[in-house]
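Engineer: Give me the fold of what follows.
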Amino acid sequence: MSMFTNTQTHAHAYEVALFGEFFARDLKAILNRLTLHTESAAPMHTREILFEQFGVQSQVQGDEPALLRAKKELGDGTESGWTLFSYLKPESVRVHPEATVRPWATCEVIGDALSFASALGYVQRSQIYKRGYAFRRGALIIQMFQQEQVDPKTSLPIPAHTDTLWEVEVKTATQVNTSAQASSGHVQVSTVRTAIDAVLEVQLIMKGLLDLRRQDL
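Structural biologist: Numbers count the residues shown, from 1 in each chain. You can find the predicted model right below:
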C-alpha cells in the first residue's frame, strides 16, 4: 500500500518560475555562465508521468481540470522515490506580470505511486524523460534539459537528437507563501515577492545569452 510522507499543506503555497529555451550551439556558453553564478551543478535525468482524472466531462467556469504529475529522479543506476504534485492555473499576468506564479501542491510517496494515482481515479495521459543539468542558487533550482521520448515497446527513453531544443526552468525548489511567518522562533518562509526577485536576478544574469520569461501554462 502506498503511503504519503512529508505532505505540505500550506493554505497558500506557490511555485514561482521563469522559462526559456535555446539551441544546442549555445549550450557551452550557457553552462559556463550558470556555473559561475550558482552554488552547485549536477547531471539530471528524470521520468515524469502526466495523469488526468478519469471521466471528467465538464469543468467549472470552463477551467481545465487539475492534472496530477508524478516525477522520479534517475541517475547512476539508482532511482529516487516518486513525488506527486499538481498545479492550478497561474495567477493573472495583471497580478504577477514578471514571473509565472501558480498554486502548487506536492508530496513524497512511498510504494507504488502509479497504482495509487489510478486508485484516486486518474489515468495516465503521457510520459517523458528529461536529461540535462540541475543547478542550485539559493532557494532556486535551475533545470536545463532536453526531452526524451519513450520507446512504446520497451517504455525506456530514446536519447534526444543532438539538435533537440534545450529547455530551461528557473523555479523555487520548495513551496513559497504569500507572506512570511511573523512569530518569533519560527523559521521564516520564502515569500512570493522574494522568490520573484530571485528569479529576476537570474533573468538579468542570463540577459543577452538566454531569454527567460513568464509563461501562462
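Engineer: buried sites along stretch 15-23?
Structural biologist: 15, 16, 17, 18, 19, 20, 22 (16 or more other CB atoms under 10 Å). To be clear about C-beta, it is placed using only N, CA and C from the backbone, and glycine gets the same treatment.
Engineer: avg pLDDT for that stretch?
Structural biologist: The predicted model assigns stretch 15-23 a mean pLDDT of 98.
Engineer: List the neighbours of that stretch that are in contact with it.
Structural biologist: Contact partners of stretch 15-23, identified using CB atoms under 8 Å, 6 or more residues apart in numbering, comprise 30, 87, 99-102, 104, 163, 165-172, 175-176, 192, 195-196, 198-200, 202-203, 206, 210-215.
Engineer: okay, now residue 25: neighbour count?
Structural biologist: 8 (other CB atoms under 10 Å).
Engineer: now do residue 106
Structural biologist: Neighbours of residue 106 under the rule other CB under 10 Å: 18.
Engineer: Would it be right to say that it lies in a helix?
Structural biologist: No. Going by DSSP: H, G, I helix; E, B strand; the rest coil, the assignment for residue 106 is strand, not a helix.
Engineer: Report the beta-bridge partner residues of it.
Structural biologist: Using DSSP bridges, the beta-bridge partners of residue 106 come out as residue 85.
Engineer: contacting residues around it?
Structural biologist: Counted by CB under 8 Å, 6+ apart, residue 106 has contacts 8, 83, 84, 85, 86, 175.
Engineer: Just the pLDDT for it.
Structural biologist: With respect to pLDDT, residue 106 scores 91.
Engineer: returning to that earlier point: so which of the contacts of stretch 15-23 sit within strands?
Structural biologist: 87, 100, 101, 102, 104, 166, 167, 168, 169, 170, 171, 172 (DSSP state E).
Engineer: Which entries within the residues you listed meet the buried criterion?
Structural biologist: 87, 100, 101, 102, 104, 166, 167, 168, 169, 170, 171, 172.
Engineer: and the longest strand seen in the chain, how far from the chain's centre?
Structural biologist: Counting residues, the longest strand found in the chain (DSSP E) is strand 122-137. Computed by CA atoms, centre = their mean, to the nearest Å, the chain-centroid distance of strand 122-137 equals 8 Å.
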